[in-house]
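Participant: Show me the folded form of this:
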Amino acid sequence: MSKERVAYLNGEYLPESEVKVSFRDRGFVLGDAIFDTARTFEGKIFRLDDHIDRLYRSLKAVDMDPGLSPEEMTRISQKVVEKNLPLLEEGEDYWVFQRVTRGERALVGDPQHGSGATVIVECTPLPLKARAPMFRDGIDVLTPVIRRIPPECLSPNIKNVNYMNLVLAEDEVRGYAEHPWAVLLDTRGFLCEGIGSNIFLVRDGKLSTPRSQFVLEGVSRQIVLDLAVELGIPVSEEDLTTFQAETADEAFMTSTSLCLCPARSYNGKSLGDGKVPGPVTVKLTEAFSALVGHDFVGQYLRTLDSG
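Facilitator: Alright, predicted model coming up:
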C-alpha cells in the first residue's frame, strides 16, 4: 500500500505529489481564494456541515463559483478522509481542508480565457505533538503591534487565504514566550482574534469573547457559546481591552484543531492564581469532550509520552 496521501483536484483523486496548480492561478498570484478547515475525531469529520455552510457563505460573498454543490463538496471531503484513513497512526486525526480559487484567469490584456475554479480537498495529520505542551502548560497569549484588518476593508467572516496580516503577527511574537500565540487588536484597540482562533476571557465566573462583527465566527467558538448557555455560565460578546485580558481569572483559545486550549499568561502576566486550566475552562473542556465523544486533551497529552 502506498504511504502517500491522496487529495482531490478538480474531479480527480490523486497522490499529493501529483496535485499541481498553475503558476497563473489567481489563488497563487493574487490570493484570490477561499478555504475552510474541519477536523476528524477517531477518523470521522466533526461538524462537516457547519464548515461546508461557512465555506459556501464565503464563496457567495466573493462571487466565486466552485462548480460543485455543497452536497458534492461534503461527499468529496468524506471520500478524501476515507481514502487516507489507512495512513493514520494510532491516536492521530486529520485536519481536512477545502480550498477554492477563482482559477487560472486572463491577465489584463491577455486574450486567454479563464479556466474556471480550482478546487482542492486534502487532509493532513493534526500537529498533536507540536501543540501538546500548550495543553500541558497553557498558551502564552501576546498582543502584537500589527492590527487586524478592519471589517470595513474586508469582512472577517470571509474565510480567505490572505493570511499575511496574521502571519506577520505570529512572526512578531515568536521568541517572546515559551508557547507564544498572537491575538491581534482591532483598529479600535480592542481584542480581536488570532490565526485561525478565537479568544475567551473569564472574570468572576463570567465568560466573554470579542464581538462577531470583528472576528471570524469559528465553529468551535460557537460550540463554546452554546455550551456556556447549557451549563449556566454567563456569557457575552463585547469589546474587550488588553487590561481586561491581562487581569482575567482565566483565558483560553478555541480553534478547529485545538478545540479549546487554556492560556496561562497574557502579555507576560500570569492569569488568575497561575493554575492551568482554571475551573470554568475545565468545565467547558469536559463538556466539549463529551459533545464530540472524544478526549481531545488526552489525545494531545499522550503524544508527550510517546518519545
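Participant: so where's the stretch 51-200 of the chain uncertain?
Facilitator: 106-114 (pLDDT under 70).
Participant: all helices of it, in order?
Facilitator: For the stretch 51-200 of the chain, the helices defined by DSSP state H, counting those that start in this stretch cover 70-84, 128-137, 164-173.
Participant: elements contacting the second one?
Facilitator: Applying 3 or more Cβ pairs under 8 Å, 6 or more residues apart in numbering; DSSP states H and E, one finds that helix 128-137 contacts strand 259-266, helix 296-302. Just so you know, the C-beta spots here come from the backbone N, C-alpha and C atoms, and that holds for glycine as well.
Participant: what's that helix in contact with?
Facilitator: Applying Cβ atoms under 8 Å, 6 or more residues apart in numbering, the external contacts of helix 128-137 come out as 91-93, 178-179, 181, 257-258, 261-262, 264, 276, 297, 299-301, 303-304, 306.
Participant: List every C-alpha atom in that helix, with coordinates, as CSV.
Facilitator: Output of helix 128-137 as CSV, limited to C-alpha atoms (Å, rounded to 0.1, in the frame of the first residue of the first chain):
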residue,chain,number,x,y,z
LEU,A,128,-0.6,16.9,18.1
LYS,A,129,2.9,16.5,19.4
ALA,A,130,3.9,20.1,18.5
ARG,A,131,1.0,21.6,20.3
ALA,A,132,0.8,19.2,23.2
PRO,A,133,3.0,21.4,25.5
MET,A,134,0.4,24.1,25.2
PHE,A,135,-2.3,21.8,26.7
ARG,A,136,0.2,20.8,29.5
ASP,A,137,1.4,24.3,30.4
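Participant: mind putting the helices and strands packed on helix 128-137 in TSV, mean pLDDT, distance to residue 226 and mean neighbour count included?
Facilitator: Output for these, formatted as TSV (pLDDT from 0 to 100; distance: least, Cβ to Cβ, whole Å; neighbours: other Cβ atoms under 10 Å):
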stretch	mean pLDDT	distance to residue 226	mean neighbour count
strand 259-266	98	13	24
helix 296-302	97	17	19
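Participant: Looking at those, which is nearest to residue 42?
Facilitator: With Cβ to Cβ as the criterion, residue 42 lies closest to helix 296-302 of those, at 9.4 Å.
Participant: I'd like the helices of the stretch 51-200 of the chain as a markdown table, with mean neighbour count and distance to residue 98 appended.
Facilitator: Output for the helices of the stretch 51-200 of the chain, formatted as a markdown table (neighbours: other Cβ atoms under 10 Å; distance: least, Cβ to Cβ, whole Å):
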| stretch | mean neighbour count | distance to residue 98 |
| --- | --- | --- |
| helix 70-84 | 17 | 6 |
| helix 128-137 | 17 | 22 |
| helix 164-173 | 17 | 19 |
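Participant: Can you lay out the ones you listed as CSV showing distance to residue 212?
Facilitator: Compiled in CSV, those are given as follows (distance: least, Cβ to Cβ, whole Å):
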stretch, distance to residue 212
helix 70-84, 22
helix 128-137, 25
helix 164-173, 18
